[in-house]
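# With the sequence up front, the predicted model follows.
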Amino acid sequence: MFLHVEAVEKSLLAGRWNSRLDPESHPVLQLAKATLQSVDDEQERELIQLVLAVACLHTFVQVNWTGPNLNFKLSDIISFSPHQPPISEETLGVKAIAELAYGGEPAYHLAQFPVLFRFAQIILGSPYVHCRCTPWWRLRAAIIHERLLDEAVALSPEVLDSLAPLVETTSSDPDLAGQLLLEQGLLEHIFSHDKAAAELFVRAARATGLRYELTGALGKRTKFQQNDLSQLVLLAESRNVDNSPDEKNPAKSTDGDATGRQIRVPETLSLNDDTLLEQTEFTSTATATGKAALSHLDPSSQPPLHPLDQCILLSLCLNVRNTSPSHGLTAEQMSPYVARVISHPQNWSVHTMALLLRSRLEASRTRTVERSTLQLQALVDQMPTADSELSERLLYFHSVPLPSKWEMERELALRFLSIGVVKSALEIFERLEMWEEVVKCWQSMERNDKAIAIVRDLLEGRKEEAESVIAKARDLPPSRRVSMDIAREAKLWCLLGDLEPDNAIKHYEHAWKLSMETSGRAMRSLGGYYFSCGKFADAVTCLQRAVTINPLMARSWFVLGCAYVRLENWEGGRDAFSRCVAIDDEDAESWNNLATVYLRLDAAKKSPQEGGIDKDGDRSDKAVTFSNKVLAFRALKRGLKYSYDNWRMWSNYMIVAVDVGELSEACRAQARIVEERADKVGVECVDDEVLERLVDAVTRRQGDDPDQPMVEDEKGTEKGAAPNEGHGLLRRVVDLFERTILPRVSSSRIFRTYARLLTWQSRWEDALNAHLDAYRCGPAGTFERGETEVEKWREALNEVGEIEDILANFGPRVEGFDWKHQGRSILRTFIGRSKDFEDEPEWPRLTEMLDWLRSEE
């Protein structure tokens with residue numbers, strides 16, 4: 001018998017078999033026959049082995065994700081040797097759950113039929129020579145394993161590296177190529193690598209030929225809306241292929257697939273609101289910025305999309321949510337994606353995921369929160385039912401991040417908790433045995449004693465869980481009972497440590513020993529406790545162990561970096577914060593701390609005698625090399641993208657920018673600081689030294705003629721000019737003064753600096769006015785009658801002399817300006833306010849200046 005391995009593998013990946021095949025020649029039938037015979041061919045043996053692994057994997061997925069429930073027991077498909085005593089299903093399940101714990105994270109202990117998943121892992125872990133798609137199935141098994149764990153754990157690099165040959169192999173099949181990229185993106189999404197995930201989702205869309213655009217079109221959203229307003233809409237179209245029914249066909253009926261089979265999907269609940277429409281009613285077929293390729297689409301009547309393209313749209317929607325979680329438009333950006341998928345149900349799993357995303361979006365809106373909760377309840381209820389075919393549910397399961405049954409119920413419980421239905425939430429959490437959430441519920445009700453009692457009952461075997469989980473191990477020898485459930489028991493001890501701060505160290509250390517030094521949670525908790533107590537050396541030791549067990553926990557790396565900084569271990573801090581931003585490149589605080597560490601690195605390497613630290617113990621800027629300053633500058637620049645309103649980061653960025661010569665960026669930073677702080681602290685938001693440095697950079701550039709006209713580009717910068725000096729910096733500095741600083745705050749020093757810039761530009765009248773404004777804000781302009789402090793009067797007198805000199809120099813250059821009258825007015829006003837100082841030796845200076853002005857007339 002000969003089996004075409006490549007054809008069977010492709011059908012296995014696609015989840016579809018050509019229905020036109022003759023029953024006698026069907027690959028599955030041939031495989032079934034082969035299993036009944038002795039298989040001598042290695043190629044066929046590998047293929048049968050792979051099919052068996054996929055069968056175990058999908059059975060596990062069916063019972064824990066898609067439903068319906070299984071109609072057989074494990075003992076029906078597993079046989080034991082007659083010479084060996086039988087092992088109970090409970091024992092096998094406990095053993096499998098214990099083996100599925102990975103990277104210090106326990107697997108969910110109530111997952112059904114975990115033995116089948118372990119079988120799939122073991123079979124897929126065998127070497128394969130002829131079945132080239134095996135790495136893809138290993139990827140799928142790895143993603144399912146990640147969903148079983150409490151926290152994401154880093155995978156072996158071999159899993160992703162082995163996929164490289166498949167990328168070229170599937171390039172001739174757009175659907176398989178897009179599906180592979182999509183699943184790789186979903187794995188990156190699990191690890192919160194949003195940038196990498198977004199790139200893979202976009203590549204998947206290109207591979208499948210999906211064209212889409214988020215734009216606007218006129219329409220109505222409420223029942224009483226009179227005027228048409230621009231509404232967000234997603235225009236999308238699958239590629240047009242009219243050959244085989246297995247290929248994409250956007251003209252597919254909404255009520256059935258290409259073969260005429262009825263598609264059964266979860267019920268879409270109606271909104272039934274007295275104001276909002278069920279969906280946006282578009283009144284215009286024209287869009288705001290429609291591409292030529294999609295201009296033919298009517299926003300209110302778009303063609304159905306292929307289910308794989310719907311999966312890609314939902315994944316893009318996930319990426320929008322993850323890259324900007326605090327952005328006000330996130331929900332508005334997601335809604336058109338979800339609505340485009342919901343409008344044409346094509347597959348059970350895809351439609352379930354779309355309804356779940358819509359439920360999450362609507363949870364925070366008053367008018368939609370009721371439907372949100374009811375829809376989520378309906379999705380949970382339909383899991384065990386057999387309202388659709390199993391093949392339909394599994395077809396695109398690997399292409400959407402569909403939650404497991406327990407995750408779906410957990411989300412429902414959290415939804416109940418958010419609307420105040422605490423009792424129902426508690427019942428769900430207790431049934432799911434998610435004790436951490438149960439404890440949080442009791443803590444929210446200020447019943448910490450109840451939370452402690454629950455955890456202690458669990459640890460001592462008095463809780464009902466002993467009947468459902470822990471008691472399952474009573475038929476095992478004591479030596480095996482010790483190793484079966486240590487991950488979960490260690491987690492409970494950590495939870496008890498959180499609840500009893502006085503005994504926290506004792507409980508965390510017990511959890512660490514109990515887990516045989518594999519519990520990342522124990523070390524994370526203990527390290528955080530030591531850090532809060534100021535024991536930074538102990539915190540470093542614990543957190544190093546935690547990140548070694550699970551290096552994907554960005555928070556652990558962050559606290560570790562902070563502990564290193566407190567210990568002045570700058571190299572350790574650099575490494576820790578570098579890992580933080582590698583895991584989450586949108587962590588602005590980590591970027592800021594990384595920049596701080598870069599500025600300390602060189603100073604830490606030098607002794608006080610070498611100039612690294614001055615005699616007072618402060619860092620010397622001379623000890624910081626230029627390369628580290630540049631690294632600090634880049635880190636701050638990256639962090640400010642994600643913390644645009646953080647004035648402290650802008651302040652750090654401004655200082656470092658000046659140090660590395662990026663004065664145009666320093667100018668931008670000063671503007672942001674003024675915008676953020678001017679209303680609160682006034683003139684303190686302006687760094688006078690930086691401002692003077694900026695003006696110096698403009699006015700001291702050799703070879704620049706201020707009177708020569710500039711040729712500017714679109715950004716207002718002189719063409720060919722250096723952006724950080726002379727005319728290249730002039731426009732930015734002028735805008736900083738005229739558009740940002742002076743409309744908000746003012747001081748004598750700011751006006752003098754501004755006047756110096758205007759003088760360089762030969763803007764004599766503006767420069768003179770700036771000097772006069774500086775005088776009015778200074779000691780002389782604010783000098784009051786009755787002042788008795790001599791030093792203050794002398795300072796004011798010097799300012800009067802300076803303004804008189806400025807009037808004498810600038811006045812004649814300003815046409816139509818009576819500078820002599822202005823000078824006499826200033827002198828007379830100041831003399832009138834300082835009569836009490838006539839006996840001072842400097843008093844004749846005032847009369848001399850007044851006499852000189854009179855003589856000039």
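It's in.

# Tell me where the stretch 101-250 of the chain has strands.
Listed in chain order, the strands of the stretch 101-250 of the chain (DSSP state E, counting those that start in this stretch) span residues 211-222, 229-237.

# Put the alpha carbons of the first one into PDB.
So the one you mean is strand 211-222. Output of strand 211-222 as PDB, limited to C-alpha atoms (Å, rounded to 0.1, in the frame of the first residue of the first chain):
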ATOM      1  CA  ARG A 211      -7.200  43.600   1.500                       C
ATOM      2  CA  TYR A 212      -8.500  45.800   4.300                       C
ATOM      3  CA  GLU A 213      -8.600  49.500   5.300                       C
ATOM      4  CA  LEU A 214     -10.000  51.300   8.300                       C
ATOM      5  CA  THR A 215     -11.700  54.400   7.100                       C
ATOM      6  CA  GLY A 216     -14.800  56.500   7.600                       C
ATOM      7  CA  ALA A 217     -18.200  56.800   6.000                       C
ATOM      8  CA  LEU A 218     -21.400  58.800   6.700                       C
ATOM      9  CA  GLY A 219     -23.900  57.000   8.800                       C
ATOM     10  CA  LYS A 220     -26.100  56.900  12.000                       C
ATOM     11  CA  ARG A 221     -25.400  55.200  15.300                       C
ATOM     12  CA  THR A 222     -28.500  56.100  17.300                       C
END
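
# mind listing what Lys637 touches?
Neighbouring residues of Lys637 by CB atoms under 8 Å, 6 or more residues apart in numbering: Tyr653, Glu665. C-beta: built from backbone N, CA, C; applies to glycine.

# do the one 4 residues further on as well
By CB under 8 Å, 6+ apart, Lys641 lies in contact with Glu586, Ala588.

# For it, grab phi and psi.
Per-residue torsions, Lys641: phi -60, psi -30 (degrees, to the nearest 10).

# Just the pLDDT at it, thanks.
According to the predicted model, the pLDDT of Lys641 comes to 91.

# where's it relative to Val581, distance?
Between Lys641 and Val581 the distance, using CB to CB, to the nearest Å, works out to 12 Å.

# Could you do Asp839 as well?
Using CB to CB, which is the criterion applied here, Asp839 is 67 Å from Val581.

# Equivalent analysis for Gly781, please.
Applying CB to CB, one obtains 50 Å for the distance of Gly781 from Val581.

# wait, doesn't Trp348 sit right on Leu394?
No: applying CB atoms under 8 Å, one finds Trp348 not in contact with Leu394, separated by 9.2 Å.

# For the two, list the residues in contact with both.
Overlap of the contact sets of Trp348 and Leu394 (by CB under 8 Å, 6+ apart) consists of Thr66.

# Please say which of those two ends up with more neighbours.
The residue with more neighbours, out of Trp348 and Leu394 and counting by other CB atoms under 10 Å, is Trp348; that gives 27 against 19.

# what's the pLDDT at that one?
Per-residue confidence at Trp348 stands at 95 (pLDDT).

# Now name the helix or strand holding Ala770.
In this assignment (DSSP states H and E), Ala770 forms part of helix 764-777.

# Check which helices and strands that helix is in contact with.
Packed against helix 764-777 by the contact rule (3 or more CB pairs under 8 Å, 6 or more residues apart in numbering; DSSP states H and E) you find helix 748-760, helix 790-810, helix 819-833.

# Please identify the deepest-packed of those.
Comparing these by mean neighbour count (mean count of other CB atoms under 10 Å), helix 748-760 ranks first with a mean of 21.

# Return that one as PDB; C-alpha atoms alone will do.
Below are the C-alpha coordinates for helix 748-760, written out as PDB (Å, rounded to 0.1, in the frame of the first residue of the first chain):
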ATOM      1  CA  SER A 748      13.600  88.600  33.800                       C
ATOM      2  CA  ARG A 749      16.200  86.000  32.800                       C
ATOM      3  CA  ILE A 750      13.900  84.500  30.100                       C
ATOM      4  CA  PHE A 751      13.300  87.900  28.600                       C
ATOM      5  CA  ARG A 752      17.000  88.700  28.600                       C
ATOM      6  CA  THR A 753      17.800  85.400  26.900                       C
ATOM      7  CA  TYR A 754      15.100  86.100  24.300                       C
ATOM      8  CA  ALA A 755      16.400  89.600  23.800                       C
ATOM      9  CA  ARG A 756      19.900  88.200  23.000                       C
ATOM     10  CA  LEU A 757      18.400  86.000  20.300                       C
ATOM     11  CA  LEU A 758      16.500  88.900  18.800                       C
ATOM     12  CA  THR A 759      19.600  91.100  18.900                       C
ATOM     13  CA  TRP A 760      21.400  88.400  16.800                       C
END
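
# Past whichever helix or strand Leu636 is part of, which element shows up next along the chain?
Here Leu636 is covered by helix 626-640, with elements defined by DSSP H and E. Tracing the chain C-terminally past helix 626-640 and defining elements by DSSP H and E, one meets helix 647-660 next.

# just the strands in the stretch 501-650 of the chain please.
So, for the stretch 501-650 of the chain - with DSSP E, counting those that start in this stretch - there are no strands.

# so Ile583 sits right up against Asn550, yeah?
No: at 11.1 Å, Ile583 does not count as touching Asn550 under the criterion of CB under 8 Å.

# Which element is encountered next along the chain beyond the least confident helix or strand in the chain by mean pLDDT?
Lowest by mean pLDDT, DSSP states H and E among the helices and strands of the chain is helix 478-484, with a mean of 38. Tracing the chain C-terminally past helix 478-484 and defining elements by DSSP H and E, one meets helix 486-499 next.

# quick one on the thing from earlier: mind listing what's buried along the helix holding Leu636?
Neighbour counts using 16 or more other CB atoms under 10 Å place 628-640 of helix 626-640 among the buried residues.

# Relative to the whole chain's centre, how far out is that helix?
Averaged C-alpha coordinates place helix 626-640 at 21 Å from its chain's average position (CA atoms, centre = their mean, to the nearest Å).

# can I have that helix written out in CSV, keeping just the CAs?
Once non-C-alpha atoms are left out, helix 626-640 reads as follows in CSV (Å, rounded to 0.1, in the frame of the first residue of the first chain):
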residue,chain,number,x,y,z
PHE,A,626,30.0,60.0,25.3
SER,A,627,28.9,56.6,24.1
ASN,A,628,27.0,55.9,27.3
LYS,A,629,25.4,59.3,27.1
VAL,A,630,24.2,58.5,23.6
LEU,A,631,22.8,55.2,24.8
ALA,A,632,21.0,57.0,27.6
PHE,A,633,19.6,59.5,25.0
ARG,A,634,18.3,56.8,22.8
ALA,A,635,16.7,54.9,25.7
LEU,A,636,14.9,58.0,26.9
LYS,A,637,13.8,58.9,23.3
ARG,A,638,12.3,55.4,23.0
GLY,A,639,10.6,55.6,26.4
LEU,A,640,9.0,58.9,25.7
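
# quick one, it and helix 647-660 angle?
Here helix 626-640 runs at 150 degrees with respect to helix 647-660, directions being taken by axes from the mean of the first three to the mean of the last three CA atoms, to 10 degrees.

# what's the span of stretch 166-174 from first residue to last?
13 Å (CA to CA, to the nearest Å).

# Mind listing what's buried along it?
Leu166, Thr169, Thr170, Asp173, Pro174.

# The third one touches Leu180, doesn't it?
This points to Thr170. Yes: judged on CB under 8 Å, Thr170 makes contact with Leu180 at a distance of 5.6 Å.
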